[in-house]
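Undergrad: fold the following.
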Amino acid sequence: MASTAGFAAVFYSEPAVLGLLANVVSAFLLCLQNFAVAHTGLRPQGAEDILAGVHLILIGGFVQLLAGFLAFRKYDHLGGAAFLTFSALWSSYGATRIIAAAYPSLQNITLPSGNATHLLPTGMADLSASHSAVAGLVAYISISFILSFCSATVNYIMPFIFGAIALALVFEAVALFGQWALVVSGVIELVIVMCGLYGAVALLFKGITQRYVLPGFGHPLFNVLLLGSAQKSSSKAIGEEKKKNTKYAEPMALGNICDTVSPFLFAFYFFGYMKNFCVGAAWISIISSCQLLSSFYSYLRGDVYYTTKFGVHSLYWLVMSWEEFTLTTFLGLSKAQESRLGMFGGWFFLATACMLFLMSTHKDTLEMLQNASFIILTTASIHQIPVPGAYLFLGAACSLCTALSMYATFASLINSIGEKALIPVGVQAMSSSALQTTLMAAKTCFTRSKNFPSGTSAEVPDALFYICNGLAAVSAIQGSVSDPSRQQLSIPSVLIPGAIMQLYVCRIQVQGGRRFGCVLPFCYAAFWGAWTWLRFAASSFNVVLLCMTLAMELLTICFLLFTLENLPLPFEIVMLSIFGIVCFYGATASLANSMFGKDLMMMGPPLFTAESSKDTEDPPPCICPKSHCTSGLRTIADLLNTGAVCGVPTDTVYALAASCKHPQAIEKVYRIKDRPQEKPICIFISNLDQLRAAAPPISPLLWEFMEKVYPGGIGCIIKKGEWLKKLGVGAGYSRVGTQDSIMIRVPDLTVLVHLIDMTGPLAITSANPSGEVDSTHHDMVISRLGHKLEGVLCDGESDEVVASTVVNCTKIDESGITIVREGCIPAGKVMQIFESVKNRAV
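TA: Here you go, the predicted model:
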């Protein structure tokens, strides 16, 4: 019932309550201000606007950010994407209020070069800071309508809330030009308040009672399956099927939302609507932070492609936004053109975009089109293109990216909710095996080795590490040290990837448990940070990493020579170019090898290997066989059959198992866990046919419900009886379940099913001391309880981080089912299964 981070499941059982309340408070704040302005004719200024902005950021932003985190953990695709999106919306709107108050006469003029410490000048302006937010509001209006439509496939409260937010944003944008719209916006915001409060109360009651007390949730406005039939030609049908990951919701929709908002803002700017990009930089920085979260959740799901893609896109939007901010605020277009000619960071972005396109050829057509549009966008952002033509080109490219990303947002949300390819996304250009063969052929040309690799040492964040350093190196190339404009323009493209983004790489290295892995990117981040400040204002090393590190050492020499004012520029240019090339190859090889889990591209062997001394290793406190070996299963089965208690993997978290034939073993489970005697222990069987053979008095409705949920992460509590002895429970009859009921579950894990076939029904409870977090890896079981157990079946990381969902079915024919405990399967999904079974039975 608890996550590995130590939070009980109840804390994230209904995160939508937090999200809805955050929207309620934010809408109510804007409503009060709008009615006040409409009544008095005086807009808020100074401290009043700053306080409003701070409240929007803290409540609408940070509180809703927490709701988004918990929704992703709850496997809520729609909630996670929606709450993080609205968190970015309210934070951006709050930041606009603060900027407008801090610079009441924000101009679309630029400061003199090098005058970065002065306040922005005042005078006549084309557009104020608030008016510059129109582009962002329009972008979020489109996203809000998409979220409103998609939420109609889940319940019938969220569509009205999200739709009202979209309409409120429409009139908030109109109110910037005419005060009449303030009243309309205020009325719509009152609708958000009322609907949001009702939704929060309904979900709060549902979280407390574990059932739907108030109407509005649990039933959609329409079935998502009505939007289309599953596409037989989807990438999964062609051979990209992977093991389902239900630990975290899919972050692709959130990443696509970010790829909709950012280019939309840029399109407004490049087509000349915004003359100063101060507000635009704030909005894009906030939404890019959300895109980093989509990259992080992709990493937690073990998806190296989307981890890299969303990380690169977030990096691109950040660099572009702060480069344009520097250009419009401090330099001016007249001084920019000549300085831009000597900047080369855009070429590295283009090469990276081409690499992502190559790696997406085994995915769907829509993904390839998105990557192709990103290639066009990075081509347009090459600094050697003259500014007037480049801005029109960039505006068109941003418009294309926005359109594709908006469709991808809709498709990814609907397909994730329906868990089928309902919205067409196209077919693969080539199969996964064909792409691997192609990459292997390129490797063979260099190594002459025809052995197909079986594994890889590449980690998920390695590609981002190389990209960050390569982009920083190429962007740092300076043809002259006497051009201050070029040096100022280069700050974002060196500092953001080299220092800031590399700290994100450190974070995910730490999350992955790599003890030394985070040290190298942290050191490089410090180096690029120091480089920018002065110039502008792994546990095993492979050959590529050696070349990169050697180049970095030589760059350090350049750094020292510059401090002595004796820097040979050609030498530095050559070293930076070599460093960039090595990083690009390292990123491509790491991404390919990590995506497919094989060393398809050459990285070179480790130069040094650390051999652990087996003599000094402490022996495990119990027998620990591997699950993939038949002998390991037989060893654990023999122990259980003799009355031992063992740790075993399940389809959720690790569990303690005892044979139902040995009541003393079940009693020992209570002592090992320090489990209260009043808490019953359930039993696991290998298949539903075993239950049928015991002929329990079960109604047809319950049989059909069990057939739908077994095997899987749902346990059913049914009435206890003598039929259990026919099932093979034997002497342990009185030690399992309660006096009147018993929970039975059929696990969806082949290893455990085979073990039950060898032992008969097993008494099962989670493998953790009572009241502590669940064990999600066999190492956790061994370290916490190994000294009390006879054996632990080692199966690596568990499929889930929370236990199963428990459903009381003892009165299924009279009053339906009751959710006793919500676990890995959401309560809403269980209720939907039951309603479909019940309707079919009627």
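
Undergrad: which regions of the stretch 151-300 of the chain sit below the pLDDT cut-off?
TA: Residue ranges of the stretch 151-300 of the chain with pLDDT under 70: 210, 218, 224-247.

Undergrad: those helices in it, which residues are they?
TA: Shown for the stretch 151-300 of the chain, the helices assigned by DSSP state H, counting those that start in this stretch span residues 158-175, 180-209, 235, 252-270, 278-300.

Undergrad: any chance of those helices in JSON lines, with distance to residue 496 too?
TA: Just so you know, the C-beta spots here come from the backbone N, C-alpha and C atoms, and that holds for glycine as well. Listed next are the helices of the stretch 151-300 of the chain as JSON lines, based on distance: least, C-beta to C-beta, whole Å:
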{"stretch": "helix 158-175", "distance to residue 496": "29"}
{"stretch": "helix 180-209", "distance to residue 496": "35"}
{"stretch": "helix 235", "distance to residue 496": "33"}
{"stretch": "helix 252-270", "distance to residue 496": "14"}
{"stretch": "helix 278-300", "distance to residue 496": "10"}
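
Undergrad: tell me the most buried of those helices?
TA: Highest mean neighbour count among the helices of the stretch 151-300 of the chain (mean count of other C-beta atoms under 10 Å): helix 252-270, with a mean of 28.

Undergrad: distance-wise, check residue 156 relative to residue 76.
TA: Note on residue 156: its distance to residue 76, by C-beta to C-beta, to the nearest Å, is 17 Å.

Undergrad: worst-scoring helix or strand of this structure, pLDDT-wise?
TA: helix 235 (a mean of 42; mean pLDDT, DSSP states H and E).

Undergrad: measure how the lengthiest helix in the chain sits relative to helix 252-270, angle-wise.
TA: If you go by DSSP state H, the chain has its longest helix at helix 387-418. Interaxial angle of helix 387-418 relative to helix 252-270 (axes from the mean of the first three to the mean of the last three C-alpha atoms, to 10 degrees): 160 degrees.

Undergrad: and helix 387-418, which residues are buried?
TA: Neighbour-count burial for helix 387-418, counted by 16 or more other C-beta atoms under 10 Å, picks out 390-391, 393-402, 404-418.

Undergrad: kindly report the same for stretch 133-148.
TA: 133-148.

Undergrad: phi and psi next, for residue 216.
TA: In terms of degrees, to the nearest 10, the main-chain angles of residue 216 are phi 130, psi -30.

Undergrad: now do residue 789
TA: Main-chain dihedrals, residue 789, degrees, to the nearest 10: phi -110, psi 160.

Undergrad: what about it, distance to residue 701?
TA: Residue 789 sits 40 Å away from residue 701, taking C-beta to C-beta as the criterion.

Undergrad: of the two, who's got more company?
TA: Set residue 789 next to residue 701 and count neighbours by other C-beta atoms under 10 Å: residue 789 wins out with 25 against 19.

Undergrad: find the nearest non-adjacent residue to the more buried one, please.
TA: residue 622 (4.9 Å; C-beta to C-beta, 6 or more residues apart in numbering).

Undergrad: pretty sure residue 261 contacts residue 288?
TA: No: assessed by C-beta atoms under 8 Å, residue 261 is found out of contact with residue 288, at 9.3 Å.

Undergrad: list the contacts of the closest residue to residue 644 other than its chain neighbours.
TA: Leaving aside its chain neighbours, residue 644 sits nearest to residue 790 (3.7 Å; criterion: C-beta to C-beta, 6+ apart). Listed by C-beta atoms under 8 Å, 6 or more residues apart in numbering, the contact set of residue 790 reads 622-623, 639, 644-646.

Undergrad: among the residues you listed, which two are most distant?
TA: 623 and 645 (12.1 Å; C-beta to C-beta).

Undergrad: quick one on the thing from earlier: flag every buried residue along the very next helix or strand once past the longest helix of the chain.
TA: Downstream of helix 387-418, the first helix or strand assigned by DSSP states H and E is helix 432-447. Within helix 432-447, the residues that count as buried by 16+ other C-beta under 10 Å are 432, 435-436, 439-440, 443.

Undergrad: which outside residues touch whichever strand or helix holds residue 765?
TA: Assigned by DSSP H and E, residue 765 belongs to strand 762-766. Strand 762-766 has contacts (C-beta under 8 Å, 6+ apart) with 1, 640, 648, 650, 653-660, 665-666, 669, 673, 675, 681-684, 732, 735-736, 745, 755-756, 774-775, 803.

Undergrad: tell me the buried residues in stretch 325-344?
TA: Residues of stretch 325-344 classed as buried: 325-331, 335-336, 339-340, 342-344 (neighbour count, 16+ other C-beta under 10 Å).

Undergrad: kind regards, and thank you for your time.
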